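Participant: I would like the atomic coordinates for the input below:
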Amino acid sequence: MTKFDEATQAIRVDDTTYDVCLDDAYSIGGPLNGGYLLATVLRAVVDSSPHAHPVSTSAQFLRAPAPGPARVEVETLKAGRTAAMSRARLVRDGVPYIETLVTTATLDAEAEPFWSDTPSAPMPASDGCVRLPDPKPESNMNFNAQVELLFDPPTIGWLSGEPTGRPESRAYFRMAEPQDPDPYVLALAVDALPPVVFSAGGRGWAPTVELTWHLRALPAPGWLTLIGGGRLVSDGWFDEEVEVWDAAGRLVAQSRQLARVGRG
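Facilitator: Below is the predicted model of the structure:
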């Protein structure tokens, strides 16, 4: 079991309740990464489902939970032969922090696409990409140590005060500890990029309000490619869409989230 598997482990208490322990290793300046929280919730949902894979997840982030013990409460809404639907809630001391609707199914690892689009933006070779500077210890950016990200250089121009002026972020991604990507790693990956609003000139913590993501295929081993962009930054809100492509060149996940523009 990897550190990520342990950090997202959900232990069954009864048919509808799971104990989890939210790990500070996935904090970003204090708050826990939203994709990490979803991966933890999805462990419980899949365990309670007759199907093996979370193919669609829609989550409302009500408030930011602190690290430590918590529970996931799962309600089965439908259990069919090809898909099951559940409502799951992350709670601490009776207070809800995340509300989700999840559809599970069992994907065929050998399935070939009938048709597929291509990535929405080109990526340079990995040797033309760069890492973010190591954060200062007092910044509490613990998440950075859990993953490896190699960025398309223009999309992190905001670091040097030269944002592109467009909401965008692109990078190669993998876990820092050797681990083949799976659906839970993909849940983390869709929320692993810096907020695309940074490249448009925004700064500060940009909290996610709602995030929906789809598992489109089971990923091949190796690096993932994350391509993020947005359509509108207005009135204190922005959207972020992320495509995830695996090492075999297949689209394996898609996400869209609505978030608040931070104040930095």
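
Participant: so where do the helices sit in this structure?
Facilitator: Remark: helices assigned in the chain by DSSP state H are 3-7, 34-48, 183-189.

Participant: between these, which one is closest to Ala200.
Facilitator: Ala200 lies closest to helix 34-48 among these, at 19.8 Å (CB to CB). For the C-beta atoms, the positions are set from N, CA and C on the backbone; glycine is no exception.

Participant: neighbours around Trp237, how many?
Facilitator: 14 (other CB atoms under 10 Å).

Participant: surely it meets Ala259?
Facilitator: Yes: using CB atoms under 8 Å, Trp237 is in contact with Ala259, at 7.2 Å.

Participant: how much space between His51 and Val45?
Facilitator: 10 Å (CB to CB, to the nearest Å).

Participant: give me the distance between the two termini of stretch 99-113.
Facilitator: In stretch 99-113, first residue to last residue: 32 Å (CA to CA, to the nearest Å).

Participant: buried residues, it. List them.
Facilitator: The neighbour-count check on stretch 99-113 (16 or more other CB atoms under 10 Å) flags 99-105 as buried.

Participant: now the two most distant members of the residues you listed.
Facilitator: Glu99 and Ala105 (21.2 Å).

Participant: and which of the buried residues of stretch 99-113 is nearest to His214?
Facilitator: Out of those, the member with the shortest distance to His214 (by CB to CB) is Thr103, at 9.1 Å.

Participant: list the beta-bridge partners for that closest one.
Facilitator: For Thr103, the beta-bridge partners are Ser56, Met85 (DSSP bridges).

Participant: quick one, what contacts it?
Facilitator: Neighbour list for Thr103: 54-57, 83-85 [criterion: CB atoms under 8 Å, 6 or more residues apart in numbering].

Participant: narrow these to those that are buried.
Facilitator: 54-57, 83-85.

Participant: turn those into CSV, including pLDDT.
Facilitator: Listed next are the buried ones among the contacts of Thr103 as CSV, based on pLDDT from 0 to 100:
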residue, pLDDT
Pro54, 98
Val55, 98
Ser56, 98
Thr57, 98
Ala83, 98
Ala84, 98
Met85, 98
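
Participant: now flag whichever of those is closest to Trp158.
Facilitator: Thr57 (28.8 Å).

Participant: ok, and what's touching stretch 180-190?
Facilitator: 4-5, 8, 33, 35-36, 38-39, 42-43, 46, 53-54, 57, 147, 173-175, 179, 211, 213, 215, 218-219, 221-222, 224, 226, 242, 244, 246, 252-255.

Participant: model confidence over that stretch, on average?
Facilitator: Throughout stretch 180-190, pLDDT has a mean value of 98.
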